[in-house]
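K.L.:
what would the 3D arrangement of this be:
(chains A and B)
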Amino acid sequence: MNGRQHPIHQYLRSSKRFPHVWCPGCGIGILLGALIRAIDANGYSKDDIALISGIGCAGRLPVYLDFNTLHTTHGRALTFATGIKLAKPDMQVITVMGDGDAASIGGNHLIHSARRNIDITAIVVNNQIYGMTGGQASPTTPFGLTTASSPYGHLEHPFDISKLVEAAGAVFVARSTVYHARALEKLISQAMKKKGFSVVEVMSPCVTHYGKMTGMASAVEMMQWQKDNTVSAAKAQEMDSSALEGRIVTGVLVDIEKPTFHEEHARLWAEAGK
Amino acid sequence: MSPQKPKTAERVLLQGSEACVRGAIAAGCKFYAGYPITPATEIMELMSRRLPLEGGVFIQMEDEIASIGATIGASLGGMKAMTATSGPGFSLMQEHISFAAMAEVPCVIVNVMRGGPSTGLPTRAAQGDVMQARWGAHGDHPILVVAPSSATEFFDLTVKAFNLAERYRSPVIVLADEVVAHTRESVTLPSVDEIEIEDRPKPTMPPEWYSPYKDPGTGIPPMAAFGDGYRFHVTGLMHDINGYPTDRQDETQELMMRLFNKISKDFHLLQWYDAYEDNEAEVMVIAYGSVARSALQAVRQAREKGLPVGLLKLKMLWPFMRRTVIPYLQSSRKVIVPEMNMGQLSREVKRVNQGACEIVTLNKVDGRMLTPAEILASIEEAFE
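P.N.:
Numbers count the residues shown, from 1 in each chain, chains lettered A, B, ... in the order given. The predicted structure follows:
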């Protein structure tokens, strides 16, 4: 095709067989777009990006992108990413994980990456359900919700992923939704620029499973729900906890300074004369 | 502690774990990720001291799954990388050993075997992970496993494990036992010039021509590092020559055959053993690890008594060295396989024996090492 190409195209792999694996109405494609625009805005070279994922719907994201991409095992993206970052400290290392991937099977790696303050940007796609395996309850599924693995209502309580990583020591934590695609793009851009362990929690609709379980039959309806139930971090500070019940608080939630693992390691090298 | 890279051969007193660490450094290891576990902790602690001085990176991870994950990640970043553990941690690592085999990422995993099952006997020796080392990781895949019986061999086989990992782009397991790791003994370290170092094949073509999993004819595709300008995809899913997921029958078959053939084509090069007193031996002892040392003493004592018995010490356990073992099975009346387990390697010996001779097993699982006296008794019984 002649003429001008959309800027997104230079980041997509021309040799990869499309279409992608995601269902119609899935939010991961919007995240993909926001991630590309953020990388483009930050001016990184494609050679310098390492994009690492675990298992699940979000785990399938890296393969479409023309970076150094790695699709690992369930929950372990951050462990591989840690090795890559330490071997190639100048690379921009980004992980993409789902809520089950990051907060259930990979929960240990999530909190320890935050504690260690390894310079990685972790994007957690939170659709509050296991999508790829058919709609089972995840660690962010609301209490009482009927799912494929909680047919009588979910007996457990959900994690707040952003609060979890804040408590574990992440230096930058932000939350957005795929409805707020432009805001999401800016938060990802900020997170990538931040030195240390940064987390962007992305609320994303799973129409196929979560929509079915909650009676929201279309992507439009779910996006509308995101729009109507979002509260900015600034506004949330003026609201009491009961008013915030069931709301999505978006924006930058944590932004602090702390030496990164690699800065400390570089100091060690300098002292050792290496 | 200062960096030690002897220009000339030197004789030093080393614990097995120290010899392992020195071997790894000599082989070019630049990355270690680990988690404390008895009796492999010494390897981690020594690495934490040595690696930063060698321009390498040491990191203590949150568990063994993370340790081998980071090890694989560092290897994809171009560093020679390793981790070390013992039985319980080794079980946790199995999924990622399978990943490394599938994605063809060179890495070295040291397992200092202790008594099991479960938490078992943390401070006692055993050889209960021989089959786990071969079959513990899910899915059909080839694996390379070496087994040192002394500090000298721990050094040597750790160097060779890195070389095998790089040559075949495969995970390689160094299967030591608690006795070998903790015994302090005199070791003659080779000089730097004497140590042969192999590096992974690197792509020479321009990035746009690079297919990360295309067979160049050797069965082993050249491996670019992340960040070197060759942007490619790595996955644990079945993949095509570009690394992209596939479930096509032809592509699946091609990849699986290549994974196996890249190692099986070299079986003749992977016969690592020492034979002792095997001249006209009617009875042979086949042993590995610390048991091989007791066996050697037992064999020498038996020879002094006039009993024609020899020892075959296996330094590579997997792939099983059938072309080395079979001639001994054919030339011997009896073969004794002493092991600190209920009979793991002896199953392989029996499998390839096909009735050629009588196989006698000698098993010990009480956490104490097999003594020369116990093996000698078994030898004498074989001549009754």
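K.L.:
low-confidence bits of the chain, can you list those?
P.N.:
Since no chain was named, I'll use chain A. Along chain A, segments meeting pLDDT under 70 span A:1-3, A:274.
K.L.:
meant chain B actually
P.N.:
Per-residue confidence for chain B (pLDDT under 70) gives these ranges: B:1-7.
K.L.:
what is the longest strand anywhere in it packed up against?
P.N.:
Assignment by DSSP state E gives strand B:107-115 as the longest strand of chain B. Strand B:107-115 makes packing contacts with helix B:16-27, helix B:64-76, strand B:80-85, helix B:87-103, strand B:121-125, helix B:151-168, strand B:171-177, helix B:178-182 when contacts are defined by 3 or more Cβ pairs under 8 Å, 6 or more residues apart in numbering or on different chains; DSSP states H and E. Where you see a C-beta, it was placed from the backbone N, CA and C, and this is true even at glycine.
K.L.:
in the fifth one, which residues are buried?
P.N.:
By that I understand strand B:121-125. Going by neighbour count (16 or more other Cβ atoms under 10 Å in any protein chain shown), the buried part of strand B:121-125 is B:121, B:122, B:124, B:125.
K.L.:
what is the subsequent helix or strand relative to that strand?
P.N.:
Counting by DSSP states H and E, the next helix or strand C-terminal to strand B:121-125 is helix B:130-135.
K.L.:
from the chain's centroid, how far away is the very next helix or strand once past that next one?
P.N.:
Scanning forward in sequence from helix B:130-135 by DSSP H and E, the next helix or strand is strand B:144-146. A distance of 3 Å separates the centroid of the chain from that of strand B:144-146, by Cα atoms, centre = their mean, to the nearest Å.
K.L.:
strand B:144-146: partners in the sheet, and parallel or antiparallel?
P.N.:
The strands that strand B:144-146 pairs with in its sheet are strand B:171-177 (parallel), strand B:316-318 (antiparallel) (by DSSP bridges).
K.L.:
ok, residues contacting it?
P.N.:
With contact meaning Cβ atoms under 8 Å, 6 or more residues apart in numbering or on different chains, strand B:144-146 is reached by B:133-134, B:157, B:160-161, B:164-165, B:168, B:170-175, B:263, B:270, B:272, B:315-319.
K.L.:
recalculate using a threshold of 10 Å.
P.N.:
B:101, B:108-109, B:111, B:129-130, B:133-134, B:153-154, B:156-158, B:160-161, B:164-165, B:167-168, B:170-176, B:263, B:270, B:272, B:288, B:314-320 (Cβ atoms under 10 Å, 6 or more residues apart in numbering or on different chains).
K.L.:
could you pull out the strands for the stretch 151-274 of chain A?
P.N.:
Assigned by DSSP state E, counting those that start in this stretch, the strands in the stretch 151-274 of chain A fall at A:172-177, A:198-203, A:230-232, A:248-255.
K.L.:
got the angle for the longest one vs strand A:172-177?
P.N.:
In this case it means strand A:248-255. Strand A:248-255 runs at 160 degrees relative to strand A:172-177, counting by axes from the mean of the first three to the mean of the last three Cα atoms, to 10 degrees.
K.L.:
buried stuff in strand A:248-255?
P.N.:
A:248, A:249, A:250, A:251, A:252, A:253, A:254.
K.L.:
which residues does residue B:150 contact?
P.N.:
Going by Cβ under 10 Å, 6+ apart, residue B:150 touches B:16, B:19, B:156-157, B:179-180, B:183, B:185-187, B:289-290, B:292-293.
K.L.:
sorry, back to before: and the strands of the stretch 151-274 of chain A: which comes nearest chain B?
P.N.:
Closest to chain B of those, according to Cβ to the nearest Cβ: strand A:198-203, at 16.7 Å.
K.L.:
wait, does the closest one contact chain B?
P.N.:
No: in terms of Cβ under 10 Å from any Cβ of the partner chain, no part of strand A:198-203 sits within range of chain B; the closest distance is 16.7 Å.
K.L.:
what strands line up against that strand, and which way round?
P.N.:
Strand A:198-203 has the following strand partners under DSSP bridges: strand A:121-126 (parallel), strand A:172-177 (parallel).
K.L.:
one step back: same list (the helices and strands packed on strand B:107-115) but as CSV, adding distance to residue A:60.
P.N.:
CSV is the format used below for those (distance: least, Cβ to Cβ, whole Å):
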stretch, distance to residue A:60
helix B:16-27, 36
helix B:64-76, 19
strand B:80-85, 27
helix B:87-103, 16
strand B:121-125, 41
helix B:151-168, 29
strand B:171-177, 25
helix B:178-182, 42
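K.L.:
closest one to residue A:89 among the ones you listed?
P.N.:
The closest of the helices and strands packed on strand B:107-115 to residue A:89 is helix B:64-76. By Cβ to Cβ, the value is 11.3 Å.
K.L.:
what angle separates that closest one from helix B:87-103?
P.N.:
For helix B:64-76 against helix B:87-103, the angle by the same axes, to 10 degrees is 40 degrees.
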